[in-house]
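[1] pasting the sequence and the predicted coordinates here, then a few questions.
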Number of protein chains: 2
Amino acid sequence: MGSQDVKLKGVDYEYIEQDVFNKSSLLLELNPVHKKVPVLVHGNKAISESFVILEYIDETWKQHPLLPQDPYQRAHARFWANFAEQKLLYAAFIAMVASRDDTEKALNVARESVEKIEQEIKGKKFFGGDNIGYLDIALGWISYWIPIYEEVGSMQILDPLRFPAINTWMNNFLNHPVIKDRLPQRDDMVVYFRGRKKIVSPAYHGLMKYL
Amino acid sequence: MGSQDVKLKGVDYEYIEQDVFNKSSLLLELNPVHKKVPVLVHGNKAISESFVILEYIDETWKQHPLLPQDPYQRAHARFWANFAEQKLLYAAFIAMVASRDDTEKALNVARESVEKIEQEIKGKKFFGGDNIGYLDIALGWISYWIPIYEEVGSMQILDPLRFPAINTWMNNFLNHPVIKDRLPQRDDMVVYFRGRKKIVSPAYHGLMKYL
């Protein structure tokens, strides 16, 4: 069985790669508002924004649910997905691009955010339990992007001694058969984020004092 | 029938006001992560974050659904709720607090965002159709906050000549029986946002050039 046969929902799809430096007219047409990947095309419908796409997939193909069934557990998963994007992603990005004084403050915010997520994953293989669920996918970027941010920013956020459960989860996630052969090229991402850092750094000078 | 009997779901609840300048120990205990309102308490469960609360309410009390039933329409509603919060709220806030050069750029981003939402509401009484739905509630802040931002920032975003459908919707929304007697005190909000402007303005100087 090839890795292309391993799927969470068992639904056939075609994957079309986008060059984010030279966006195709197809992307601009399918996501005219944000002009960003990912976009899911289903029949004649185009759905954008990662978390919105995940909900759509779970509501359309009901086999092997990604979200838990209980409303409170569902709220819990959505809460942490949003928390990580709003707090950790933002703080880690600022830590990567900001000047030295701000880096310290942003790093602390980032690490405090990871600390909270550490408490959520402790004692579990995946956030979804024994298999990958909504929250694993929604937080998947942590396992792949943060180490790249760490390299580009010459910093450490995911200290394995301080966050052993997160580090175990990262390994479980990155080595899961649905994930491991479908990650973007690491080298390309390092180049991309080095470019972002250069462009946006001046804007972030002194910002952390106020936010 | 008093206004307290008019409800979208017909579910009894108790409303507890919070002083955001002097947060209660109850709030800090119920939402230790963000320390923010709103928090919904249902039995021994506490749910935070507005959009997460809306989904929880709709999944727990299924009568009079707030979200449409069709997965694509649901995705559509979630997409625009997030768009407004990420783009319009952010740009309007920067326009309110930023220095003059940035204000122009932020105002343009804000107005372009409103333009997109104008296209979505055109010809409809509410985003949800004949009655208030998920997207009306998720965008409700536009009808009430933006005019306050406009006052605090001495600027105009919601030009009624350019955005007639949004302005009609704002009136429909603000005069809906579930909404009109439950809005926060306008004067308190003006004071609050004048305070925010004073504190955060320095951080936003020159920011729009890069974002």
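    On my side now, so go ahead.

[2] got the domain boundaries for chain A?
    A:3-60, A:71-209 (automatic domain parsing).

[3] report whether the first one contacts chain B.
    Yes - among the residues of domain A:3-60, A:33-34, A:42, A:45, A:47-49, A:51-53, A:55-56, A:59-60 lie within reach of chain B under Cβ under 8 Å from any Cβ of the partner chain. C-betas here are computed from N, CA, C, even on glycine.

[4] just stretch A:89-100 next, same as before
    No - judged by Cβ under 8 Å from any Cβ, stretch A:89-100 makes no contact with chain B; its nearest approach is 9.9 Å.

[5] chain A: strands as residue ranges?
    A:39-42, A:45-48 (DSSP state E).

[6] what strands line up against the last one, and which way round?
    When pairing is defined by DSSP bridges, strand A:45-48 lines up against strand A:39-42 (antiparallel).

[7] dump the residue contacts of the closest residue to A:Leu135 other than its chain neighbours.
    Spatial nearest neighbour of A:Leu135, chain neighbours left out: A:Phe127 (3.8 Å); criterion: Cβ to Cβ, 6 or more residues apart in numbering or on different chains. Going by Cβ atoms under 8 Å, 6 or more residues apart in numbering or on different chains, A:Phe127 touches A:Ala77, A:Trp80, A:Glu120, A:Ile121, A:Gly133, A:Leu135, A:Asp136, A:Leu139, A:Trp169.

[8] any idea which residue sits dead centre in chain A?
    Residue closest to the mean C-alpha point of chain A, counted by Cα atoms, centre = their mean, is A:Trp141 at 2.5 Å.

[9] one step back: among the domains of chain A, which is the most enclosed?
    Comparing the domains of chain A by mean neighbour count (mean count of other Cβ atoms under 10 Å in any protein chain shown), domain A:71-209 ranks first with a mean of 17.

[10] I'd like the mean pLDDT over that one, please.
    Average pLDDT, domain A:71-209: 92.

[11] chain center to it, what's the gap?
    Distance of domain A:71-209 from the chain centroid (Cα atoms, centre = their mean, to the nearest Å) equals 7 Å.

[12] likewise for stretch A:54-66?
    The answer for stretch A:54-66 is 19 Å, by Cα atoms, centre = their mean.

[13] quick one: A:Phe173 and A:Trp141 touch, right?
    No - shown here, A:Phe173 and A:Trp141 do not form a contact pair, counting by Cβ atoms under 8 Å, at 10.4 Å.

[14] the closest residue to A:His34 other than its chain neighbours: what's it in contact with?
    The shortest distance from A:His34 to any non-neighbouring residue, by Cβ to Cβ, 6+ apart, is to A:Ser48 (6.0 Å). For A:Ser48, the contact set (Cβ under 8 Å, 6+ apart) comprises A:Leu30, A:Asn31, A:Val33, A:His34, A:Lys36, A:Pro38, A:Val39, A:Leu40, B:Phe79.

[15] for A:Ser48, give the beta-bridge partners.
    A:Val39.

[16] ok, now which ones touch A:Lys36?
    A:Leu27, A:Ser48.

[17] separation between it and chain B?
    11 Å (Cβ to the nearest Cβ, to the nearest Å).

[18] can you check the pLDDT for that residue?
    94.

[19] got the phi/psi numbers for the residue lying closest to A:Val37 once chain neighbours are set aside?
    In this structure, A:Val37 finds its nearest non-sequential neighbour in A:Gln18, 5.0 Å apart by Cβ to Cβ, 6+ apart. Main-chain dihedrals, A:Gln18, degrees, to the nearest 10: phi -110, psi 140.

[20] contacts only, for A:Arg162.
    So A:Arg162 contacts A:Arg111, A:Glu115 (Cβ under 8 Å, 6+ apart).

[21] from what I see, A:Ile157 and A:Tyr149 are in contact.
    Yes - counting by Cβ under 8 Å, A:Tyr149 is a contact partner of A:Ile157 at 7.3 Å.

[22] between the two, which contacts overlap?
    Counting by Cβ under 8 Å, 6+ apart, the residues touching both A:Ile157 and A:Tyr149 are A:Ala92, A:Ala95.

[23] follow-up on the earlier one: most widely separated two among the contacts of A:Phe127?
    A:Ala77 and A:Trp169 (14.5 Å; Cβ to Cβ).

[24] what does the longest helix seen in chain A contact?
    When every helix of chain A is counted residue by residue (DSSP state H), the longest turns out to be helix A:100-121. For helix A:100-121, the surrounding residues in contact (Cβ under 8 Å, 6+ apart) are A:80, A:83-84, A:87-88, A:91-92, A:94-95, A:98, A:127, A:139, A:142, A:153, A:155, A:157-159, A:162-163, A:165-166, A:169, A:204-209, B:33.

[25] sitting in helices, which of those residues do you find?
    Per DSSP H, those map to helices at A:Trp80, A:Phe83, A:Ala91, A:Ala92, A:Ile94, A:Ala95, A:Ile142, A:Gly153, A:Ala165, A:Ile166, A:Trp169.

[26] please enumerate residues in contact with stretch A:60-72?
    Here stretch A:60-72 has contacts from A:8-11, A:42, A:54-55, A:57-58, A:73-74, A:76-77, A:128, A:133-134, A:137, B:42, B:45, B:47, B:56, B:59-60, B:71, using Cβ under 8 Å, 6+ apart.

[27] let's see that with 7 Å instead.
    Residues outside stretch A:60-72 that contact it (Cβ atoms under 7 Å, 6 or more residues apart in numbering or on different chains): A:8-11, A:42, A:54, A:58, A:74, A:77, A:133-134, A:137, B:45, B:56, B:59-60, B:71.

[28] now A:Pro184. Nearest residue, chain neighbours left out?
    A:Tyr144 (7.9 Å).

[29] so how far does stretch A:147-166 reach from one end to the other?
    13 Å (Cα to Cα, to the nearest Å).

[30] revised request: answer the last question for stretch A:116-128.
    17 Å.

[31] do stretch A:16-29 as well
    For stretch A:16-29, the end-to-end distance is 15 Å (Cα to Cα).

[32] how about stretch A:171-189?
    19 Å.

[33] which residues touch that stretch?
    Under Cβ under 7 Å, 6+ apart, the answer for stretch A:171-189 is A:Ser3, A:Val6, A:Lys7, A:Leu8, A:Lys125, A:Phe126, A:Ile132, A:Asp136, A:Gly140, A:Ser143, A:Tyr144, A:Ile148.
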